[in-house]
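1. Give me coordinates for this.
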Amino acid sequence: MADSEDRLLMLIDDEPAQSRLITALAAREGWRTLVVSDSETAIATLGTRQGMQLSAIILDQWVPGDEACDLISELKKRRPAMPILMLTASASPLLAVEAMRAGATDYLIKPVAPDRLMQALRSATRREAPRDELQPLTEKMDAELDFDAMIGTASTFRAALARAAKAARGHGPVLIEGESGTGKEMLMRAMHGASPRSKSPLRLINIGSVPANSIESILFGHEQNAFPGAFDRQVGALQSSDGATLVLDEIDRLPESLQVRLAEMLETGIVRPVGAKHGFKVDVRLVAASNLPLGDLAAQGLFEPRLVDAISSTRIVLPPLRERTGDIPALARHFLARIGEQPGLVALSISDSALAMLAAYGWPGNVRQLQTVLFRAAVFCDGETLTPESFPQLLKLIGDTDEARNITQEGVGVLLYTDDGNLRPLEEIEADVIRLAIGHYRGRMTEVARRLGIGRSTLYRKLGDLGIDDAA
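-> Just a heads-up that it's a prediction; the model follows:
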């Protein structure tokens, strides 16, 4: 890939204001932007000297209209390796599926957040497994927002859920820590649903997506003429959430100047808008989420200790997916069931060899990344079962699947599918289950028979019929 200062982006867009915004955002990361206003010019540009220097394309669906997927196909035919991102105001899963099948790399919903745009460009031009692609789309899939919908049996994960369920019944602040994509927002919404304030609105603010010069007014509000440009009085989120719950995501990115102010508000319960001569007493439950351990940041002098103390009376840590790979099979099947409900897609199964490969990957984007990778695989699957070949990028990263097969044997227990995605014969599966039980119960045949729900004589008959040595 070209160095960052040499990267050239072609933007197919006929909206001047949006073109200026995307050009400015891309320039922050060293991108030069070439703006074209129609499909014909875009195709012609590919054959020019500038066109040969392109590193990515962003297409506003509004320009070609209903023919957007046709344009994507044509661009891909001329430049097969070119990342193409589609920008659209539609959150339709069917449109996303059609765009991806036409060759789109990612799908951005307007108005696109600056961080989301930059992440999409970075992911599209890096040779790595997809991370947060299609994130806005997958997040729009209906989800059960309660603790029963939080899937996982790993002890660290269950302990975190138990602590969250207990904290949900209280009124004090809560801090949830965990890497991006571990499910912090879903947990916060589940806590709200189980809390005494569940009938009140839940407001969520992502600190990382708010311009630094706007955060203070958004949180605390301001009076008219409090600063240049404050033409009207604005009520802040803390005041408008009186009696309710306010969620601050990515609180680790809160400007240092506001950390002390927020700590004082939590200690006194008084919100003072910018420019106000007096404050307002409020009853707000604050739930904060951080991608980084705040205690470590405070120890390094990078975060206000008072704010850490104020929000961490209850601290919950969600483990990364790489520390609970045994949960991947259940998560994968759950996501595939939900994905199969989307327009244009069908319910798919997944082979054990594919599950083994998923378990062998490190998942830097955690559960969210797993969901979006499965979505992409489902879009391009022509059969009824996902196999390792359904994940070409992961297949290249992991390489030899022997290690993955070993993980399958340990994590899944019994292989249900052959490598081509077909079910194994029932006799083979039954033999594996019996072998597994004999090993698990250390050859105690009475216990094996009891756990399998059969008599000892039936067990020994099956051992003979299946050719199993009971000492195996």
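2. quick one: low-confidence parts of the stretch 101-250 of the chain?
-> 126-146 (pLDDT under 70).
3. In it, mark out all the helices, start to finish.
-> 114-124, 135-139, 155-168, 184-193, 215-220, 237-240 (DSSP state H, counting those that start in this stretch).
4. how about a markdown table for the ones you listed, with mean neighbour count added?
-> No exception for glycine: its C-beta is placed from N, CA and C like everyone else's. Output for the helices of the stretch 101-250 of the chain, formatted as a markdown table (neighbours: other CB atoms under 10 Å):
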| stretch | mean neighbour count |
| --- | --- |
| helix 114-124 | 18 |
| helix 135-139 | 20 |
| helix 155-168 | 17 |
| helix 184-193 | 22 |
| helix 215-220 | 20 |
| helix 237-240 | 20 |
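5. Let me see the contact set for the closest residue to Asp242 other than its chain neighbours.
-> With sequence-adjacent residues excluded and distances taken as CB to CB, 6 or more residues apart in numbering, Asp242 is closest to Val282, at 4.3 Å. Neighbour list for Val282: Leu238, Gln239, Ser241, Asp242, Gly269, Ile270, Val271 [criterion: CB atoms under 8 Å, 6 or more residues apart in numbering].
6. how is this protein carved up into domains?
-> Domain assignment of the chain by automatic domain parsing yields the ranges 6-126, 155-317, 426-466.
7. Looking at the ones you listed, spot the one closest to Ala332.
-> Between Ala332 and these, the shortest separation by CB to CB is 14.9 Å, and it involves domain 155-317.
8. Pull up the distance across that closest one, start to finish.
-> Domain 155-317 has an end-to-end distance of 12 Å (CA to CA, to the nearest Å).
9. same check, this time on stretch 225-232
-> Stretch 225-232 stretches 7 Å from its first residue to its last (CA to CA).
10. CSV for the helices of the stretch 101-250 of the chain, including distance to Val36?
-> Converted to CSV, the helices of the stretch 101-250 of the chain look like this (distance: least, CB to CB, whole Å):
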stretch, distance to Val36
helix 114-124, 18
helix 135-139, 25
helix 155-168, 48
helix 184-193, 37
helix 215-220, 36
helix 237-240, 40
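11. Nearest to Cys69 among these would be which one?
-> The closest of the helices of the stretch 101-250 of the chain to Cys69 is helix 135-139. By CB to CB, the value is 15.6 Å.
12. which one of the helices of the stretch 101-250 of the chain lies closest to Ala378?
-> helix 135-139 (11.0 Å).
13. one step back: between which two of the contacts of Val282 is the distance greatest?
-> Ser241 and Ile270 (14.1 Å).
14. just curious, which of the contacts of Val282 is nearest to Ala159?
-> Ser241 (29.1 Å).
15. Spatially nearest residue to the closest one (excluding sequence neighbours)?
-> Ser241's closest residue in space is Val284 (CB to CB, 6+ apart), at 4.8 Å.
16. And Val97, by the same measure?
-> Nearest-residue entry for Val97: Gly344, 4.1 Å, with adjacent residues in sequence omitted and distances by CB to CB, 6+ apart.
17. Contact partners for that neighbour?
-> Contact analysis of Gly344 by CB under 8 Å, 6+ apart lists Pro93, Leu94, Val97, Glu98.
18. So for it, what's the pLDDT?
-> Looking at Gly344, its pLDDT reads 81.
19. pretty sure Arg32 contacts Leu8?
-> Yes: counting by CB atoms under 8 Å, Leu8 is a contact partner of Arg32 at 5.1 Å.
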